[in-house]
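[1] Predicted model, plus sequence, below.
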Amino acid sequence: MLKRLKRLQRDRGLVTVLTQGLVVLAGKFGSKLSGLVALAILTRTLGAEAFGVFALVRATVSLCDHLVNFQSWQAVIKFGAEAIEEERPADVRRLLKLALTLDSATAVLGAGVAAAVGFVAAQLFGWGPLESKLCALYGLVILSHLSGVPDGVFRLFDLYKVPAFIQNVTGAVLAGSVALGAFLGFGLTEFLVTYLVVEVAGNLAILILALREIDKRGYGSFLRADLTGMTERFPGIKRFVIATNLQSSLKKGQGELDMMVVGALTSPAAVGLYKAARQLGVIPRNVFNAFTVVIYSELSKLAAKRDRAAFARLLLRVSAVSLLGTLTFTAIGWFFSEDILRVVSGPDFVSAASVLSCFLLASVPGNLLAIRRRALVALGRPMTLLGLSVANTVVLVGLLYFFTSRYAIVGAAIAFVVHRFYVLALVSYFVRRAIKGLVPRDHEPEAAAAPLHAP
């Protein structure tokens, strides 16, 4: 036992993932705790019906953000790590400029789409003019969501404390603002504007700190970089960026599809119950997703070195840590599901205890799935993951419609459980195949054979 622990301590990749993951977890703990405080105040102040409208407006804007707004941080990490390893600072600057350009253009597009979708959603959810206008207004938050460069830079250089700190501060400010709003008698409109202002401020703070870090590392002039010839300097970047962004959009969009289906097939009050239980049920996934955030950069570095044994070992060990922790949280949550809802959201939300239990169960395969998705991208298989995401999104929509139309909000939660286990099995199969194809450099065939006779 002691020998095994010593071997684990010597695993630099595992130690990095766990230590940096704990830093991210600290940030998530503070922000998620603040989120629970805000949830408790909102559900008790607005009630199930108004809170359901509040949740649908935010879910609609979030879906537009995920589907349209580029998330280029994966390209920054993968190709940035290679450029730094090969001492190509000019190419790092080009990559940062490309990421910021893509993020900015798609943020503007996303805000416009959110404004248009708000009026379309009125027909789907039975909204009035006020709710549609609130959706368009809240959509302005997308303009500040330029997270590709900050996420990429902080993860590439193992600076997880910076976004963790900002998340803590933003969460605390948001919870305090919501508490003040409840004291002042805020309604739906005022609470949405509060969320808009605080989230925009948090997003801009992270961007500013990332730009300062870029300047400190010697890449401060990246906005003047020349973007011509990017596909030659970064072979495969075009395909990688398109595939990873489409895949990320579909993956994150799946997290809001259930809200859309529940909103279309049930009532605003049912949406409020569902959202409260869902937000509590994904806590284990959000907590242990901290290690998923870190593992991608570590796996990318191992893939760049083509160290197959270390790659597989790190993937297995982090998965074991995530599984053990998630199972512990899930067991506790199952036992106290009604009490948790009663304490956080009030007695009116206790009827959603079954929904909470289902989402707690779904977090077990969900965390393992998140780790394997990162592994596929690190192995340079974004197109495989994209194909799986397209197919799995179609499957999810079918499951949501089938179960929700029959069992209401409990059915939507059951659909998520079934979908997570199914996708985990599928993605795990492709990860195993991809790892087998990671050939160490010293085993690769030489590009050209040696001459038969020396001169």
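    Happy to help now that I have it. Numbering: from 1, shown residues only.

[2] Distance of the residue positioned nearest the centre of the chain relative to Ala243?
    Nearest to the mean C-alpha position of the chain, counting by CA atoms, centre = their mean, stands Lys252 at 6.4 Å. Look at Lys252 and Ala243: by CB to CB, to the nearest Å, they are 15 Å apart. The way it works is simple: take the backbone N, C-alpha and C, and place the C-beta from them, glycine included.

[3] So which residues make contact with stretch 142-154?
    61, 64-65, 68-77, 80, 96, 99-100, 102-104, 107-108, 110-111, 114, 159-160, 162-163, 199-200, 203-204, 206-207, 209-211, 213-214 (CB atoms under 8 Å, 6 or more residues apart in numbering).

[4] no, scratch that, I was asking about stretch 397-413
    In contact with stretch 397-413 (CB under 8 Å, 6+ apart) are residues 257-258, 261-262, 265-266, 270, 273-274, 277-278, 281, 352, 354-355, 358-359, 362, 414-415, 418-419.

[5] Please verify my assumption that Val344 contacts Ile41.
    No. The pair Val344 / Ile41 is not scored as a contact, 10.1 Å apart, by CB atoms under 8 Å.

[6] in this structure, which ranges drop under the pLDDT threshold?
    For the chain, applying pLDDT under 70 flags the ranges 1-14, 26-28, 440-455.

[7] Which parts of it belong to which domain?
    As given by automatic domain parsing, the domain ranges for the chain are 33-235, 258-438.

[8] Reformat those domains as a markdown table; add mean neighbour count.
    Listed next are the domains of the chain as a markdown table, based on neighbours: other CB atoms under 10 Å:
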| stretch | mean neighbour count |
| --- | --- |
| domain 33-235 | 19 |
| domain 258-438 | 20 |
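
[9] between those, which gets nearest to Leu18?
    domain 258-438 (7.1 Å; CB to CB).

[10] Can you get me the start-to-end distance on that closest one?
    Domain 258-438 has an end-to-end distance of 37 Å (criterion: CA to CA, to the nearest Å).

[11] what's the offset of that domain from the middle of its chain?
    11 Å (CA atoms, centre = their mean, to the nearest Å).

[12] Once you drop chain neighbours, what's closest to Pro163?
    Distance criterion CB to CB, 6 or more residues apart in numbering; nearest residue to Pro163, sequence neighbours excluded, is Phe154 at 5.4 Å.

[13] right, I mislabeled it, should have said Gly346
    Closest to Gly346 by CB to CB, 6+ apart is Arg44, at 5.2 Å.

[14] Let me know the helix or strand that the one you found is in.
    Using DSSP states H and E, Arg44 maps to helix 12-68.

[15] Give me the three-state assignment for Gly272.
    Secondary structure assignment for Gly272 (DSSP: H, G, I helix; E, B strand; the rest coil): helix.

[16] where along the stretch 51-200 of the chain do the helices fall?
    73-85, 89-125, 129-138, 148-156, 161-184, 188-216 (DSSP state H, counting those that start in this stretch).

[17] What residues does Val377 make contact with?
    Going by CB under 8 Å, 6+ apart, Val377 touches 74, 78, 244, 247, 296, 385.

[18] if I look at the last one, how far off is Gln74?
    Read it as Leu385. 11 Å.

[19] Quickly list what's touching both of the two.
    Common neighbours of Leu385 and Gln74 (CB under 8 Å, 6+ apart) are 244, 377.

[20] Tell me where the stretch 351-455 of the chain has helices.
    So, for the stretch 351-455 of the chain - with DSSP H, counting those that start in this stretch - the helices run 353-378, 382-436.

[21] Turn the ones you listed into a markdown table, including distance to Ala303.
    Shown next, in a markdown table, are the helices of the stretch 351-455 of the chain (distance: least, CB to CB, whole Å):
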| stretch | distance to Ala303 |
| --- | --- |
| helix 353-378 | 5 |
| helix 382-436 | 10 |
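
[22] Select, out of those, the one closest to Ser319.
    helix 353-378 (5.5 Å).

[23] Ok, which of the domains of the chain comes nearest Val15?
    domain 258-438 (10.1 Å).

[24] about what we covered before: secondary structure element for the residue nearest to the centre of the chain?
    helix 237-265.

[25] Determine the set of other helices and strands touching that helix.
    Where contact means 3 or more CB pairs under 8 Å, 6 or more residues apart in numbering; DSSP states H and E, helix 237-265 is packed against helix 12-68, helix 73-85, helix 89-125, helix 230-233, helix 268-281, helix 353-378, helix 382-436.

[26] Could you rerun that using 6 Å?
    helix 12-68, helix 73-85, helix 268-281, helix 382-436 (3 or more CB pairs under 6 Å, 6 or more residues apart in numbering; DSSP states H and E).

[27] Look up phi and psi at Gly128.
    In terms of degrees, to the nearest 10, the main-chain angles of Gly128 are phi -100, psi -180.

[28] separation between it and Leu137?
    Gly128 is 15 Å from Leu137, by CB to CB.

[29] Leaving out sequence neighbours, find the closest residue to Lys251.
    Leaving out its chain neighbours, the residue that sits closest to Lys251 by CB to CB, 6+ apart is Ser389, at 5.8 Å.

[30] mind listing what the one you found touches?
    247, 250-251 (CB atoms under 6 Å, 6 or more residues apart in numbering).

[31] how about 8 Å then?
    Counted by CB under 8 Å, 6+ apart, Ser389 has contacts 246-247, 250-251.

[32] Quickly check these for the two that are furthest apart.
    Leu246 and Lys251, at 9.6 Å, using CB to CB across the contacts of Ser389.

[33] Just give me how far stretch 169-179 sits from the chain centre.
    Stretch 169-179 sits 21 Å away from the centroid of its parent chain (CA atoms, centre = their mean).

[34] neighbouring contacts of that stretch?
    30-35, 37-38, 41-42, 191, 194-195, 198-199, 201-202, 205.
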